[in-house]
Every structure is written in structure tokens, then in C-alpha cells.
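**Student:** return atomic coordinates for the entry below.
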Amino acid sequence: LEKMQTKVASHYLGIQSIACSTTLPCILPHLADRLSVLLDHAPLTAALMSHRHLSPDPNPNSSAAAASTSFTNPLTPEHKYALWAQLQSLSLARLASASVAVSALTVLLRVQLNIIGRYIYLDSALPGTKADRPPTLSKNCQHMFLSYAEFLPQAGLALIVVQVQEAVDQVFQGVSIKSKVSHSRLKALVAQVQARYSLGMLHEGASQ
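**Tutor:** Next up, the predicted model:
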């Protein structure tokens, strides 16, 4: 019995290793691409960078200065602050969403591979003919089952992003981008984001 338990434990440890080292890296690029689309900060950074590199003409009465003024509208301090605040919120939401999504994807893949691994183990370990054993999963069925992991990048991630963005906005709305934040306070703020996100997902699940 002990030998069988050791063999089973080794079998499932191998499956966990496959989930983290092989299957997960194959899906992560899709997750990253989708996250970049849902929380795209390129327009904000482009707006900030374009005005950062504007150099004023030393002669304000020159024709070049007049043309520059007519075609560009320099950012006001208020507008620039608003852009930085949006960029802060978006970056924090992107970081938190990535953390939640990767964790969820890892759990999903491990569960899927454990289910498939059980069928494979029973098929190879149980004595008797195929007719005497429990039904097995075909290769095609295994691939179809694993393809459901793509649900997270394709559809589930959007729900995660919405809930995380709301939590980030609620927690960080009173935190100025000019203020210094200590490590302990940042840790407390992140914990608040996590708590609000969890509560939001519970309410979302209850409403379904």
C-alpha cells in the first residue's frame, strides 16, 4: 500500500510540474496580450511623452513659435496631473490583475491536468482488460478539455479587470501621486485592494 501511495504521489507531482513548466508558459503570452488590450496605457504615456519633448522657441515672436502654438496645446499642470493619476491607477490595476489572473490560471490548469492525470493513471495501473476498467479520455477529449483554459484570457480576464480596477480606484483615490508612500503603507493599501476585489467578486458571483 505504501509503495502504491508513493507511486500515486510521484505521478501527481509530475503533473503539477508539467502544469507550471510547460502548459502555463504556453498560455501566459495570450494572457499578457489580452491584459495589454484591456488596460492599455499607451495613449497616456504617448500624451505625456509628446509634450515632455516639446522645446519652446527662444523667440516667442518668431513664425516658428507661432506655428507651434497654433498646432500644439501644451498640457496644463492640472491636465498633466490628471494624466499621471490615470496612469498610476491603470498601472496598479494592470499589476494587480496580472497577479490575480496568473494565480487563477495556475489553479485552473492544475485542476484540469489532475483530472486528466487520474484517468491516465487508472488506465495504466488497474489490472484487467480495458473492458474491466473505468472509461478513459481520448487524446482529442483531453485537448478539448484543456482548451477551456483559454476561457480565462478570452473572457474571464475582462471580469477580473473590471473588479480590480474598481478596487484600485476606491483604495487609491485619496493617495496623491506626489505623496511618499512607505513600504508598510503600500502593503496595507495592496491588502485593501485584495479585500475589496474579493468582496466584489463574491457579490458578482451571488448576482449571477
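**Student:** quick one: least confident helix or strand in the protein?
**Tutor:** helix 63-71 (a mean of 39; mean pLDDT, DSSP states H and E).
**Student:** can you name the next helix or strand after it?
**Tutor:** From helix 63-71 onward toward the C-terminus, using DSSP states H and E, the following helix or strand is helix 77-125.
**Student:** run through the neighbouring helices and strands of that next one.
**Tutor:** Contacts defined by 3 or more Cβ pairs under 8 Å, 6 or more residues apart in numbering; DSSP states H and E place helix 77-125 against helix 2-18, helix 24-38, helix 42-52, helix 139-147, helix 157-172, helix 183-207. In this view, the C-beta of every residue, glycine as well, is placed from N, C-alpha and C.
**Student:** in this protein, where is pLDDT below threshold?
**Tutor:** With pLDDT under 70 as the threshold, the chain has low-confidence stretches at 1, 4, 52-73, 124-135, 204-208.
**Student:** let's go with 90 and repeat that
**Tutor:** Low-confidence segments of the chain, defined by pLDDT under 90: 1-27, 46-82, 106-156, 173-181, 198-208.
**Student:** quick one, what contacts residue 84?
**Tutor:** Taking Cβ atoms under 8 Å, 6 or more residues apart in numbering as the definition of contact, the neighbours of residue 84 are 48, 177.
**Student:** separation between it and residue 49?
**Tutor:** With distances taken as Cβ to Cβ, to the nearest Å, residue 84 is found 12 Å from residue 49.
**Student:** for residue 150, same thing?
**Tutor:** From residue 150 over to residue 49 the distance is 34 Å, taken as Cβ to Cβ.
**Student:** neighbour count: the two, which is higher?
**Tutor:** When neighbours are counted by other Cβ atoms under 10 Å, residue 150 comes out ahead of the other of residue 150 and residue 49, with 14 against 9.
**Student:** would you check that the more buried one makes contact with residue 29?
**Tutor:** No: Residue 150 is not in contact with residue 29 according to Cβ atoms under 8 Å; the separation is 11.8 Å.
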